[in-house]
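**Student:** Generate coordinates for the sequence data below:
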Amino acid sequence: LNAYAQGRPDIVWMRGGHTGWVYSVAFSPDGSLLASGSDDRTIKLWRVSDGSLVRTLTGHTGGVTSVVFSPDGSLIASGSLDRTIRLWRVSDGALLQTYDQETGTGMLSIQFSPNGQLFGYGRTDATVVVARNPFRREGDVNGDGCVDGSDLLAVLFAFGNTGSGLPEDLNGDGIVDDADLLEVLFNFGSGC
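**Tutor:** Below is the predicted model:
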């Protein structure tokens, strides 16, 4: 559907494609993709530049009420009325993990903390849960599920930095130091 043809220059594009209500949308951190979650139990990834469908993610058994990109844009987390949160790899749409701890009767909203270390969600039973990111491996700085050389380099390049919310500050003590480096080294190769 070309919105310009309808005399609406403020609309960049509009697309159908879901077969149920669209409950949630989220832009990737770099703005190149838009994820949409629907009552039809799917997540769709759209290219923002032209509105083309990149892929459809399937696996939930209830409506997808919330979608969010990880801070680095490599992952999508989706919350559903099926009482699960699922983690998907953006690059190929692979389902990486299903999380069902303390999910109550279903999720209405999910979000990563800015540094990706925490994960919060709102349940249908009026409960808010904040937990350590269940999708993040110990030592995984960039959140791609693999503790490897890129995580080691990230800690080394940030070594000595102080502040709150630094993704390289793996233990959350406010400084990127030996403890963070050791966490990467002790877990090196996990998830790869």
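**Student:** contacts and neighbour counts: CA atoms only from here.
**Tutor:** Fine.
**Student:** burial of residue 87, as a residue count?
**Tutor:** By other C-alpha atoms under 10 Å, the residues close to residue 87 number 24.
**Student:** I'd assumed residue 100 was in contact with it.
**Tutor:** No. Counting by C-alpha atoms under 8 Å, residue 87 stays clear of residue 100, with 11.5 Å between them.
**Student:** hey, where'd the strands end up in this structure?
**Tutor:** In the chain, strands defined by DSSP state E lie at 22-27, 33-38, 42-47, 53-58, 64-69, 75-80, 85-89, 95-99, 107-112, 118-123, 128-132, listed in chain order.
**Student:** looking at those, which is closest to residue 185?
**Tutor:** Shortest distance between residue 185 and those, using C-alpha to C-alpha, is found for strand 128-132: 20.3 Å.
**Student:** relative to strand 118-123, how tilted is the closest one?
**Tutor:** 160 degrees (axes from the mean of the first three to the mean of the last three C-alpha atoms, to 10 degrees).
**Student:** ok, residues contacting strand 128-132?
**Tutor:** Counting contacts by C-alpha atoms under 8 Å, 6 or more residues apart in numbering, the residues outside strand 128-132 that touch it are 102, 117, 118, 119, 120, 121, 122, 123.
**Student:** Only the buried members of those: can you turn that into a ChimeraX selection?
**Tutor:** Command for ChimeraX, covering only those of the contacts of strand 128-132 found buried under the criterion 16 or more other C-alpha atoms under 10 Å:
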select :117,118,119,120,121,122,123
